[in-house]
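S.K.: Next comes the sequence, and after it the predicted model I'd like to discuss.
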Amino acid sequence: MRHSSMMEFGIGKIQPCCTLAISPFSNAGTQPSFSLHKITGVGHIQSKRNHESYNRWFSSADAASVGDADNTMTANKHVHDIRNVAIIAHVDHGKTTIVDGLLRCASESVSLDDDDDADQSSSKEGESDGVALLMDCGDLERERGITITSKVTRLDYLDEATASNENIKTINVVDTPGHADFAGEVDRILTMIDGVCLVVDAAEGAMAQTKYVLSRALKMGLKPVVILNKCDKDDAWARIESGDVEMELLETFDSLGANDYQMDYVTVYASGKAGWATTDLDVARELATGSGDNVTADISMKVLLDVILEHIPAPVILSPDDTNNETDEPVFALAATTVGYDNFLGRLCTGRIYSGTIQKGDIVGVLPRDFTSEDGASVNMATSSISGIFVTRGVTRTDLDPPIASAGDIVTLSGVPDSIKVGDTVTLKSNPIQTPIETPPINPPTLSMEIGANTGPFAGQEGTIVASSKVYERLISETDNNVALNVRKSENDAEKTIVDARGELQLGILIEQMRREGFEMTVSPPRIITTECKDTGDKLEPYEEVIIDVESEYSGQVVNLLTGSRKGVLMSMSDSSDGKTRLEFEAPTRGLLGFGSEVATATRGTAIVNHLFIENRHYVGHIGGMEKGKLVSNDTGKAALFALTNIAKRGSLFIETGELVYPGMVIGENSRPGDLEVNPVRGKEVTNMRTVNKDEKLYVPPPKRLTVEELIGYMNDDEVVEVTPKSVRLRKTELDGKARERAARSRKKRMTASSKNGK
C-alpha cells in the first residue's frame, strides 16, 4: 500500500493523527498519481486519481506498522477512540429499534466491566430501557412517524477483546431527517460525521425518502454501511436470496454517483425487533427462517457496533496554520451546527470539534461564518466563558466528566456568546483561528408564503399570542437553527411576514409548532419561487421526482391525476408480486400542491407518495384544473343539524354540528365547480303544522378534517388558512360576499383580455 505525502491547503494542514493511503480499491499493478487539492470544514479531503474525483481514505492501522516515517503520520489516541456516524432510514424501516438495540448493547458492555460503580450501571440500564422512541422523541415526530429535527446520542462501548476501561470507544450516533423539505437540517448535520448507516427494510428495498440524505452523504465522500433490517419478515429472505435487494441497492448507489470505494460497502443482516445482527449470510438465513437454535456465533447488536468501529473512518484533526501564536498548542475550532438557549445555562451550541481541546472555564470567541480575512484584518469577536460541556446520552443531556473535550468529539457548550449562529466557528480567545471553518452551502427554497396575525372575526378568542410583531419575532428565532428558511417583512403589508421554505411539509411543521405554542395567525396560499436562466434568460421552476407505491387497481387513477393538468410525466412503471405497482414521475413542484389529499381520496388511502427535488427546468405555463369549488358560509352562529343535513347533499363538509361559523368561512367542498354560499346556521321552523316528514331522522356524515399542510396545498388563491391553538379554519381572504363577486368579475375580465392578447 503506497502512502502519499501531505500538503498544506485552505485553513491549514492535517494534524498527525492517522495514516493517509491510497484507497483499497486501487489496482495492485498500477501506481496512480494522488494529489490533495482542498480541505474543508467537513473534514474530508478531495483527491484526484487518474483525473477522477475520489475522497481520501484514512487507514485506522497504527502508523508504525504500515510504512516509513517520512510518509506516515502518527495515530492520535483520542481520534481513534471516536466514531461519528449518521443513521439514514425510510419511514417504518426500523431505525428506532436498531438504535435502541445499539444503546442497550453499548450500555451493557460498559456496565458489566464497571463493578465498582453499581449506581452508574443501574442508571445506564434504566436509560437503555427507557428510550423506546430515542430518535423520534418529539410530539410531532411521534404523531407523524417521521424525523423532523436531527439528534445526537453518545454510545460508550467497550470491546470485549480489549477488556480494559482505558479502551472504551465513543460512538456518536446522529439522526437525520429523511425528507428533502428539511434539506438545511441535513446539510449541516452531515458535516459532523465520517460515515453513514443506511437502514433498509429487506422486504421493501431502498425507498425514495432515503435518496436525498444518501446522495448528500455520497457526494461528501462518506463511507456507507448497509443494514438489511427485518430479514425475518415475510418474503424478505426470498428477495435477499434472489438478489433483488442487492441489485436495488447497487442501482440506487450508482444513480446517486457513488464511487468504487463507496460501492464496496459492508452489509449487515439484522432484525431489530428480534435483537440479532450478523454479517454471515448463512447465519442470517438460519435466523430468518427460524432454524437458528444451534447458532454459536455472536448475533447480538454488538456485531453492528464492531462493524461501525472497523469500517467507519476515524475523525480527522484539522490543524489550522494561520494562527498568530508562537507555541505548538493546537488551535481550538468548533463549527456550530445547532444553537439554542437554556434559562439556567444560557446560550448553547452543539457541534463537532475539528481541532484542539476545550475545558470548562475557557474564554472563547465566535468567528462569523461569512468572515473573510483581507490584508491581515482582524475581527472583534464577542467573547464569553464556557460554563459547561455536555454530551447527550439517550435523550438526556449530561455533564462531560471530566469537563474536557478533544478534537473529533461532538459536544454541547454552554455559556457561548449570544451572537452565535449556525455555521459560526467557536475558538479560544487566547489562541484564535484566523479563518472560519468552511460549511456547505444550503440549497435554495422552492416555496414562499405570507404569515400574519389572525384577522378573522374570532381573533384573540382561542390563542394567547396574537400580535403580528410576536409572529415575526417567532419566525426570526426559527431561523437560528432552521437555516433553510428565509424570513423577511412583506413590502405590501407591514403586518405580514414572508417565509421562504423547501416545501409544504416544512411549512406545515413550522405552523403546527407555532400553533401549539399559543399563536394565532393567518397563512396565505404558497407560491413557487422561480428563477431565471443565466444563459437564455428563460423562466425556470423547480421539478421533482415523484415515486408512488399503490395497489395495482388504482394505478390508472394515479397516472390520470398526475399526468393531466398537473403536467407530470410518467418515467417508469413496475409491478410487484404482492399486487402493488410502483410509479415514477417527474413533475413541477406546482403540480404537487394539493396532490397528496387527492391521491389519498382516489386510492382509499393506500398510496404512498415520496418526492425529491431534481433541478430547475423551463416554466411549463399555467397548471389548471386544480381549484375546487367551495361551500361558503354567509351567516354567523353555531352550525345547525337541520341546515347541515341539506348542505351535505351539495358536497363534503369540513365542520360538524355545533361548530361556530362566520360569513366567508369555508365549511365544505362543493361537488360542482365554483363557490356556493350557504347558511349553515338556519334551524328548522317551529310551527303547528304536521307533515309526513316532521319526524324524519336527520343525519350528517362525518366531516372531512384537513391538516395544516393539506390545507396549504388545497386552498385557492383567494383564500387563507386561519390557525389557532384549538382550530384550523379555511376562509376567504375577502369576507364580504358582494366584494368577492366584484373581484371575481374583474379577475374574469383580466383573464379574457390576456387570452385575447396572447392570440
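M.R.: Okay, I see it.

S.K.: Is Val499 located within a strand, as I assumed?
M.R.: Yes - judged by DSSP: H, G, I helix; E, B strand; the rest coil, Val499 forms part of a strand.

S.K.: Start at 142, not 1
M.R.: Sure, I'll start counting at 142 from here, so that last one is Val640.

S.K.: mind listing what it touches?
M.R.: Neighbour list for Val640: Ser589, Met590, Glu591, Ile592, Leu616, Leu626, Asn627, Val628, Leu648, Leu651 [criterion: C-beta atoms under 8 Å, 6 or more residues apart in numbering]. Every C-beta, even on glycine, is put in place using the N, C-alpha and C of the backbone.

S.K.: partners of it in the sheet?
M.R.: Following DSSP bridges, Val640 is listed with bridge partners Met590, Val628.

S.K.: If any of the contacts of Val640 are buried, put those into a PyMOL selection.
M.R.: Buried members of those can be picked out in PyMOL with the line below, counting by 16 or more other C-beta atoms under 10 Å:
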select buried, resi 589+590+591+592+616+626+628+648+651
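
S.K.: mind putting the contacts of Val640 in a markdown table, distance to Ser738 included?
M.R.: Formatted as a markdown table, those follow (distance: C-beta to C-beta, whole Å):
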| residue | distance to Ser738 |
| --- | --- |
| Ser589 | 21 |
| Met590 | 18 |
| Glu591 | 22 |
| Ile592 | 21 |
| Leu616 | 26 |
| Leu626 | 24 |
| Asn627 | 27 |
| Val628 | 27 |
| Leu648 | 16 |
| Leu651 | 20 |
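
S.K.: Pick the one among the contacts of Val640 closest to Val827.
M.R.: Val827 lies nearest to Ile592 out of those, by C-beta to C-beta, at 45.1 Å.

S.K.: Now name the helix or strand holding the closest one.
M.R.: strand 588-594 (DSSP states H and E).

S.K.: go on, Arg224?
M.R.: In this structure, Arg224 sits in strand 223-230 according to DSSP H and E.

S.K.: buried stuff in that strand?
M.R.: Residues of strand 223-230 classed as buried under the neighbour-count rule (16+ other C-beta under 10 Å) are Ile223, Arg224, Asn225, Val226, Ala227, Ile228, Ile229, Ala230.

S.K.: what does it rub up against?
M.R.: Here strand 223-230 makes contact (C-beta under 8 Å, 6+ apart) with 236, 239-240, 276, 310-317, 319, 330-331, 333-341, 351, 354-355, 358, 363, 366, 449-450, 453, 455-456, 493, 549-551.

S.K.: could you check the distance from Ile458 over to Val293?
M.R.: Ile458 sits 20 Å away from Val293, taking C-beta to C-beta, to the nearest Å as the criterion.

S.K.: Also Asp877?
M.R.: Asp877 sits 53 Å away from Val293 when distances are taken as C-beta to C-beta.

S.K.: Would you mind telling me which of those two has the busier surroundings?
M.R.: The neighbour count for Asp877 versus Val293, taken as other C-beta atoms under 10 Å, is higher for Val293 (23 against 12).

S.K.: pretty sure that one contacts Asp550?
M.R.: No - with contacts defined as C-beta atoms under 8 Å, Val293 does not count as touching Asp550, sitting 10.6 Å away.

S.K.: and for those two, which residues touch both?
M.R.: Asn313.

S.K.: quick one: pLDDT of the residue nearest in space to the middle of the chain?
M.R.: Centrality entry for the chain: nearest residue to the mean C-alpha point is Pro318, 2.6 Å, by C-alpha atoms, centre = their mean. Model confidence at Pro318, given as pLDDT, is 78.

S.K.: Check Leu177 too.
M.R.: You'll see Leu177 listed with a pLDDT of 30.

S.K.: What of the one 10 residues further on?
M.R.: We have a pLDDT of 38 for Gln187.

S.K.: lowest confidence element among the helices and strands of this protein?
M.R.: The helix or strand of the chain with the lowest confidence, counting by mean pLDDT, DSSP states H and E, is strand 198-200 at a mean of 29.

S.K.: For the residue nearest to the centre of the chain, which non-adjacent residue is closest in space?
M.R.: Sequence neighbours aside, Thr288 is the residue nearest to Pro318 in space, at 4.7 Å (criterion: C-beta to C-beta, 6 or more residues apart in numbering).

S.K.: Spell out the secondary structure type for that neighbour.
M.R.: What three-state DSSP gives for Thr288 is coil.

S.K.: how close does it sit to Leu646?
M.R.: Thr288 sits at a distance of 12 Å from Leu646 (criterion: C-beta to C-beta).

S.K.: ok, these two, which is more surrounded?
M.R.: In this view Thr288 and Leu646 are compared by other C-beta under 10 Å, and Thr288 has more residues nearby, 25 against 21.

S.K.: My read is that that one contacts Glu326, right?
M.R.: No - the pair Thr288 and Glu326 fails to qualify as a contact (C-beta under 8 Å) at a distance of 9.1 Å.

S.K.: Need the overlap of contacts for these two.
M.R.: Taking C-beta under 8 Å, 6+ apart as the contact rule, Thr288 and Glu326 both touch Thr317, Pro318.

S.K.: re the thing from before, and the angle for the helix or strand just after the strand holding Ile592 with strand 588-594?
M.R.: Past strand 588-594, further along toward the C-terminus, the next helix or strand under DSSP H and E is helix 609-619. Per axes from the mean of the first three to the mean of the last three C-alpha atoms, to 10 degrees, the angle that helix 609-619 makes with strand 588-594 is 140 degrees.

S.K.: in helix 609-619, what's buried?
M.R.: Buried residues in helix 609-619, counting neighbours by 16+ other C-beta under 10 Å, are found at Ser609, Lys611, Val612, Tyr613, Arg615, Leu616.

S.K.: Same check on stretch 724-737?
M.R.: Using 16+ other C-beta under 10 Å as the test for burial, stretch 724-737 gives 724, 726-737.

S.K.: Any chance of TSV for those, columns distance to Asp716?
M.R.: Putting those into TSV (distance: C-beta to C-beta, whole Å) gives the following:
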residue	distance to Asp716
Leu724	10
Phe726	16
Glu727	20
Ala728	21
Pro729	27
Thr730	28
Arg731	30
Gly732	25
Leu733	24
Leu734	29
Gly735	28
Phe736	22
Gly737	23
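
S.K.: ok now do Ala474, which residues does it touch?
M.R.: Taking C-beta under 8 Å, 6+ apart, we find Ala474 in contact with Leu459, Pro461, Ile494, Tyr495, Ser496, Gly497, Thr566, Val567, Thr568, Ile574, Ile578.

S.K.: Ile458 is in contact with the fifth one, correct?
M.R.: I take that to be Ser496. Yes - with contacts defined as C-beta under 8 Å, Ser496 counts as touching Ile458 at a distance of 5.4 Å.

S.K.: Which stretches in the stretch 442-591 of the chain count as helices?
M.R.: Listed in chain order, the helices of the stretch 442-591 of the chain (DSSP state H, counting those that start in this stretch) span residues 443-452.

S.K.: any low-confidence regions in it?
M.R.: Using pLDDT under 70 as the threshold, the predicted model of the stretch 442-591 of the chain has low-confidence ranges 460-469, 514-520.

S.K.: Scan this protein for its longest strand.
M.R.: Across the chain, the longest stretch assigned as strand under DSSP state E is strand 680-692.

S.K.: in that strand, what counts as buried?
M.R.: By neighbour count with 16+ other C-beta under 10 Å, strand 680-692 contains the buried residues Leu681, Glu682, Pro683, Tyr684, Glu685, Glu686, Val687, Ile688, Ile689, Asp690, Val691.

S.K.: Who is the last one paired with across the strands?
M.R.: In this structure, Val691 bridges to Thr722 when assessed by DSSP bridges.

S.K.: so who does the residue lying closest to Thr786 once chain neighbours are set aside touch?
M.R.: Residue nearest to Thr786 in three dimensions, not counting chain neighbours: Leu839, with 4.7 Å by C-beta to C-beta, 6+ apart. When contacts are counted by C-beta under 8 Å, 6+ apart, Leu839 is found next to Leu782, Phe783, Thr786.
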